[in-house]
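Novice: dropping a prediction and its sequence here:
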Amino acid sequence: MSGTAAIEAVDVSRTYHLDGVSVPALRGVTLTVSAGDYVALIGPSGSGKSTLMHLLGGLDRPTGGRLVIGGRAVSELSPPELARLRNETIGFVFQAFHLLPRTSAVDNVALPLVYRGVNARQRRERAAAMLGRVGLGHRLDHRPNQLSGGEQQRVAIARALVTDPTVLLADEPTGNLDSTTGAAVLELLEQLNAESGVALVMVTHDAEVAARARRRIAMRDGVVVADSDADSAASPITGSAGAGGGS
Ligand SMILES: Nc1ncnc2c1ncn2[C@@H]1O[C@H](COP(=O)(O)OP(=O)(O)OP(=O)(O)O)[C@@H](O)[C@H]1O
Ligand SMILES: [Mg+2]
């Protein structure tokens with residue numbers, strides 16, 4: 001595999017404990033996300049996609065296995081160290097946009113920079129520039145309820161990218177949008193991946209969307225059942241990817 005590893009998971013598991021019952025949501029996942037990659041994460045409901053995304057982004061910790069984010073082993077980090085690593089390397093976009101409702105678009109986008117110690121004027125400048133990149137330069141002072149769904153998701157994307165992360169984790173980013181708006185958001189994500197080189201890992205239930213990614217990882221019952229990179233040319237989910245080992 002070419003490229004530097006942005007995130008590395010080796011035999012990672014995550015068991016939830018709920019009212020005395022163990023729920024093994026992930027049961028030994030091994031994968032590498034390379035710098036600049038474009039990965040679609042697919043699989044049935046309950047197969048562990050969101051659980052895996054939370055781990056890859058350092059929002060949660062594995063109960064077993066080894067997880068390395070940006071060259072740092074998660075198990076060796078204190079909670080504040082992990083939070084800082086997350087702020088420096090990861091951007092998140094969720095199905096529900098999770099914007100602060102009483103806060104303007106520009107201040108929502110600037111928020112991750114507060115934790116970086118960036119001063120107020122620079123925060124606003126960088127947030128405004130990022131909103132310009134997602135096509136919302138004319139909506140800086142609108143609050144979320146004054147924006148359409150697609151615009152709100154673009155604000156969330158700008159917020160995820162304002163810190164210049166190496167990986168953008170998007171969990172069903174078009175799930176709450178109509179198909180036209182969803183397609184525009186998807187195009188924006190692909191454009192940002194191509195232009196800025198941020199690795200994109202996206203959960204999707206849409207086979208057509210998954211087909212557009214460079215690489216597809218399929219999960220079932222808490223394990224990876226197919227990875228178009230690892231499986232190479234033999235895999236039926238590799239599609240028409242032309243990067244194969246030559247002839
Ligand atoms: N906080 C939790 N406590 C207990 N069990 C959980 C928790 N979160 C998820 N689970 C369980 O872990 C399994 C995997 O859930 P996860 O949310 O990762 O699935 P998913 O693939 O993202 O599904 P969907 O496509 O519906 O979003 C499911 O069986 C779920 O019920
Ligand atoms: Mg999910």
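Specialist: Nice, I can see it. Residues are numbered from 1 along each chain as shown. Ligands and ions are numbered 1, 2, ... in the order given.

Novice: quick one: low-confidence parts of this structure?
Specialist: 1-3, 232-247 (pLDDT under 70).

Novice: quick check: the residue nearest the centre of it vs residue 231, distance?
Specialist: Central residue of the chain (CA atoms, centre = their mean): residue 169, 0.3 Å from the mean position. Distance, residue 169 to residue 231, using CB to CB, to the nearest Å: 23 Å. All C-beta atoms are positioned from the backbone trio N, CA, C, and that covers glycine.

Novice: distance from the longest helix seen in the chain to the middle of the chain?
Specialist: Ranked by residue count and defined by DSSP state H, the top helix of the chain is helix 179-196. Averaged C-alpha coordinates place helix 179-196 at 13 Å from its chain's average position (CA atoms, centre = their mean, to the nearest Å).

Novice: helix or strand right after that helix?
Specialist: strand 199-203 (DSSP states H and E).

Novice: hey, C-alpha coordinates of that following strand in CSV?
Specialist: Extracted C-alpha coordinates of strand 199-203, given in CSV (Å, rounded to 0.1, in the frame of the first residue of the first chain):
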residue,chain,number,x,y,z
ALA,A,199,-8.4,11.7,3.5
LEU,A,200,-12.1,11.1,3.3
VAL,A,201,-13.8,8.1,5.1
MET,A,202,-17.5,8.1,4.5
VAL,A,203,-20.2,5.8,5.7
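
Novice: which residues sit against that strand?
Specialist: Contact with strand 199-203 is made by 6, 33-42, 49-50, 53, 56, 166-173, 189-190, 192-193, 209, 213, as judged by CB atoms under 8 Å, 6 or more residues apart in numbering.

Novice: now which of these would you call buried?
Specialist: Using 16 or more other CB atoms under 10 Å as the burial test, the contacts of strand 199-203 include 6, 33-34, 36-42, 49-50, 53, 56, 166-173, 189, 192-193, 209, 213 as buried.

Novice: which of those residues fall in helices?
Specialist: Those of the buried ones among the contacts of strand 199-203 lying in helices (DSSP H): 49, 50, 53, 56, 189, 192, 193, 209.

Novice: ok, which of those also contact ligand 1?
Specialist: 49, 50 (CB under 6 Å from any ligand atom).

Novice: just the ones in helices among the buried ones among the contacts of strand 199-203 now: which is nearest residue 27?
Specialist: residue 49 (13.7 Å; CB to CB).

Novice: how about that closest one, what does it touch?
Specialist: 41, 42, 43, 171, 203, 219.

Novice: would you turn those residues into JSON lines with distance to residue 123?
Specialist: Formatted as JSON lines, those follow (distance: CB to CB, whole Å):
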{"residue": "41", "distance to residue 123": "32"}
{"residue": "42", "distance to residue 123": "37"}
{"residue": "43", "distance to residue 123": "38"}
{"residue": "171", "distance to residue 123": "26"}
{"residue": "203", "distance to residue 123": "30"}
{"residue": "219", "distance to residue 123": "37"}
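
Novice: among these, which are in reach of ligand 1?
Specialist: residue 43.

Novice: for ligand 1, what are the nearby residues on the chain?
Specialist: 16, 18, 23, 25, 43, 45, 46, 47, 48, 49, 50, 51.

Novice: could you pull out the helices for the protein?
Specialist: Going by DSSP H, the chain shows helices at 49-56, 79-89, 105-114, 120-133, 149-161, 179-196, 207-212.

Novice: out of those helices, deepest packed?
Specialist: For these, the largest average neighbour count (mean count of other CB atoms under 10 Å) is found in helix 149-161, namely a mean of 24.
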